[in-house]
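Novice: Can you look at this prediction? I've put the sequence above it.
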Amino acid sequence: MGNSTKATTAKTLYEKLWQQHLVEEKVGETPLLYVDRHLIHEVTSPQAFANLKFHNRPVRHPERTIATMDHNISTRSIEIDAAGEGAANQLRTLEKNCKEFGIELFGMGHKNQGIVHVMGPELGLTLPGTIIVCGDSHTATHGAFGALAFGIGTSEVEHVFATQTLRQTKAKTMKIEVNGKVGAGISAKDIILAIIGKTGSAGATGYVVEYCGSAIEALTMEERMTVCNMSIEFGAKAGLIAPDKTTFDYLEGKEYAPKGNVWRQAVSDWKQLKTDQDAEFDTVLSLKAENIKAQITWGTTPGQVISVDSLVPSPEDFTDQVEKDSCAAALTYMGLTSGTKITDININKVFIGSCTNSRIEDLRAASSIVEKYQAQGKSVSSKVDAIVVPGSYRVKEQAEAEGLDKIFKDAGFEWRLPGCSMCLGMNDDVLEEGDRCASTSNRNFEGRQGRGSRTHLVSPELAAASAITGHFVDLNSKGI
Amino acid sequence: MKKFTTHSGLVIPLDVANVDTDQIIPKQFLQKTERVGFGKHLFHDWRYLDISGTKNNPDFILNAPKYQGASILLTRENFGCGSSREHAPWALEEYGFKVIIAPSFADIFYGNCINIGLIPIKLSEQQINDLFRQAENAELNLTVDLLNNKVFSQNTAYEFSLDKFHQYCLEQGIDSVGWTLNKLDVIKSYEKNMPSWQ
């Protein structure tokens, strides 16, 4: 905790973003922050629009809001009605609301349609130094660009519509430093799961986290998004990575990114967006990249995670009574026995997709594993159903141009249309009771992918390998 | 939002940590476009033995006869983690809860509760353990006094803190959008000074 020695002028990246967006800070009132970009989708917006209409209030800056359809759409058809009656009603309500309030919508089959946190960055809607909000907890994804991005509830969606601002209490700051070089085959998903394993599922509640260190700087933008995406899974309000050349190179020329002189001014401003050398964080956590192994969750919170070479834990492994109880309950729900090698656990479903891992690099990583197995004459196990759901139409198009869809299909994977799909199972992509799924998504909560279903969170590489072998695999020890 | 000053009611002890919003209201009930109709699906997978929600699970505490009519939910750490769905507090409120007491809450859920006037109260682990013991041994009724930041049982007063502005909004039943709309001049003056790329 910072004390009297704390330098008065040195600021963290979070404090700079906060300061730059402060509209009003008044005694007795929660500070008011400006919101630069508001992303919306069909599930958490209808009640906000309804309240606006009830009060006869306009959307203050419709051009700052962008809508897409992602949560409950079908991944088999671009027809709205294929989503089912309730979902179709919600999708049509979004269409009507966007039209009425003048908001740009990427509807079914639009070339820009995609999961909200895949679509925003790939179009250049996500910019460093901005505040981005969305009625979705994985909004932290956009923090990968040095944007302060966080999930909000529907009442707050309404507040942003009407005022283009939000009231926020200031969070504490946590620095998570990952230094060194990760081993071969270790992905961004393994890095973030290892972090969550260390902090526990609520380790960063009340904090905004900044990820830094040489292993973070070495990541591509898509890998950084995977890391920031799961910030909420250990309770963080937001996750941040300071923008750098990697960020600027990724954004330059993107459809919605600034152009010409405005771009040059923006980059010059964005270069200031880093934590000052003397700035102090409330908490600091350090990991050595070399020590991070492939990760697999065994329980029902993302913090219940172990390395691929480990055994399923037992309640006795924990000292805290609440953790002991949670472990016992999770083992029962997951149908697992303490002491089992995690690589001995068989799975029957595989999901490659979600706002965590459905970008082009994820699909390349997964398909490269599939190709290696195919070279050995192996394809998806007869006991496994495996689906690949690209994050957006742009990702789908790029993957098809590279022939990745063919690699997956030839090996026995289903190649679907973009959407949130089985990450939350709001459409018909749900698991049956007792199904055990290797999933590249972000939550392994009870019933998340379907009532009574069992989810193990893994990287795209591990999900691909599990689909073929029918169980978890230590890819390094297998020489794959 | 309705005004909240004090509330007295029966406590139901839900002894589970890390209760996530998927558990509070599963995704299949999020397809509504209205704010109502969620209470009957609260804790669906724990509360009902079947997917259609017709067979009560007798082992789940919400179905226990002695806790019917409870309006104060006592629970464990990190309550409301996961998805930002405001449908979770809507479901809790529609079921009849006015107050939730826990050692900690997930940030987004906490804000969502404040915004709809469902009172989230943080007490220490020790105080929570104490309340669990009381609620599990006998019928426990509590009075929550927002004006004085205290929760009263028959013998004890537990003090809690709330952000001053949150407290004011809850007590007065403030329309927070309307409150901010009164400050359009300040917002407009901020906008005038923004860099062109922002």
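Specialist: Here it is on my side, so go on.

Novice: avg pLDDT for the longest helix seen in chain B?
Specialist: Counting residues, the longest helix found in chain B (DSSP state H) is helix B:125-137. Computed over helix B:125-137, the mean pLDDT rounds to 95.

Novice: same check, this time on stretch A:299-314
Specialist: In this model, stretch A:299-314 carries a mean pLDDT of 97.

Novice: How far does it stretch from one end to the other?
Specialist: Across stretch A:299-314, the terminal residues are separated by 11 Å (C-alpha to C-alpha, to the nearest Å).

Novice: Give me the buried positions along that stretch.
Specialist: Neighbour-count burial for stretch A:299-314 flags A:299-308, A:311-313 (criterion: 16 or more other C-beta atoms under 10 Å in any protein chain shown). The way it works is simple: take the backbone N, C-alpha and C, and place the C-beta from them, glycine included.

Novice: how much space between the closest residue to A:Gly107 other than its chain neighbours and A:Glu95?
Specialist: Computed as C-beta to C-beta, 6 or more residues apart in numbering or on different chains, the closest residue to A:Gly107 that is not its neighbour in sequence is A:Met69, at 5.7 Å. To A:Glu95, A:Met69 is 9 Å away according to C-beta to C-beta, to the nearest Å.

Novice: burial of A:Lys26, as a residue count?
Specialist: 11 (other C-beta atoms under 10 Å in any protein chain shown).

Novice: helix, strand or coil for it?
Specialist: When the structure is reduced to helix, strand and coil (DSSP: H, G, I helix; E, B strand; the rest coil), A:Lys26 reads as coil.

Novice: Flag every buried residue along the helix or strand bottoming out on mean pLDDT in chain A.
Specialist: Ranking every helix and strand in chain A by mean pLDDT, DSSP states H and E puts helix A:321-334 at the bottom, with a mean of 95. Along helix A:321-334, these residues count as buried under the neighbour rule (16+ other C-beta under 10 Å): A:322-323, A:325-327, A:329-331, A:333-334.

Novice: Cross-check the contact I'm expecting between B:Val36 and B:Tyr95.
Specialist: No: checked against C-beta atoms under 8 Å, the pair B:Val36 and B:Tyr95 is beyond contact range at 12.0 Å.

Novice: Neighbour count for the two, which is higher?
Specialist: Taking neighbours as other C-beta under 10 Å, B:Val36 and B:Tyr95 compare with B:Tyr95 leading, 19 against 9.

Novice: quick one, what contacts the more buried one?
Specialist: Shown in contact with B:Tyr95 (C-beta atoms under 8 Å, 6 or more residues apart in numbering or on different chains): B:39-40, B:42.

Novice: With B:Trp46 instead?
Specialist: The neighbours of B:Trp46, taking C-beta under 8 Å, 6+ apart as the test, are B:23, B:57, B:60, B:62.

Novice: Just give me the closest of those to chain A.
Specialist: The shortest distance between chain A and any of these, using C-beta to the nearest C-beta, involves B:Gln23 and amounts to 6.2 Å.

Novice: In terms of helix, strand or coil, where does that closest one fall?
Specialist: When states are read from three-state DSSP, the local structure at B:Gln23 comes out as helix.

Novice: And it, what's its pLDDT?
Specialist: At B:Gln23, the predicted lDDT confidence score is 96.

Novice: now it: how far from A:Gln321?
Specialist: In this structure, B:Gln23 and A:Gln321 are separated by 21 Å, where distance is defined by C-beta to C-beta.

Novice: and what of A:Ala88?
Specialist: From A:Ala88 across to A:Gln321, the span is 47 Å (C-beta to C-beta).

Novice: Taking the contacts of B:Trp46, please make a PyMOL selection of just the buried ones.
Specialist: Those of the contacts of B:Trp46 that meet the burial criterion (16+ other C-beta under 10 Å) are gathered into one PyMOL selection, given here:
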select buried, chain B and resi 23+62
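
Novice: which of the contacts of B:Trp46 sit farthest apart?
Specialist: Looking at the contacts of B:Trp46 by C-beta to C-beta, the two members farthest from one another are B:Gln23 and B:Asn57, with 13.4 Å of separation.

Novice: okay, now residue 41: neighbour count?
Specialist: All of this refers to chain A. Burial measure for A:His41: 24 neighbouring residues, criterion other C-beta under 10 Å.

Novice: Chain B, not that one
Specialist: 22.

Novice: Could you find the closest non-adjacent residue to it?
Specialist: For B:His41, the closest residue by C-beta to C-beta, 6+ apart turns out to be B:Phe29, at 4.3 Å.
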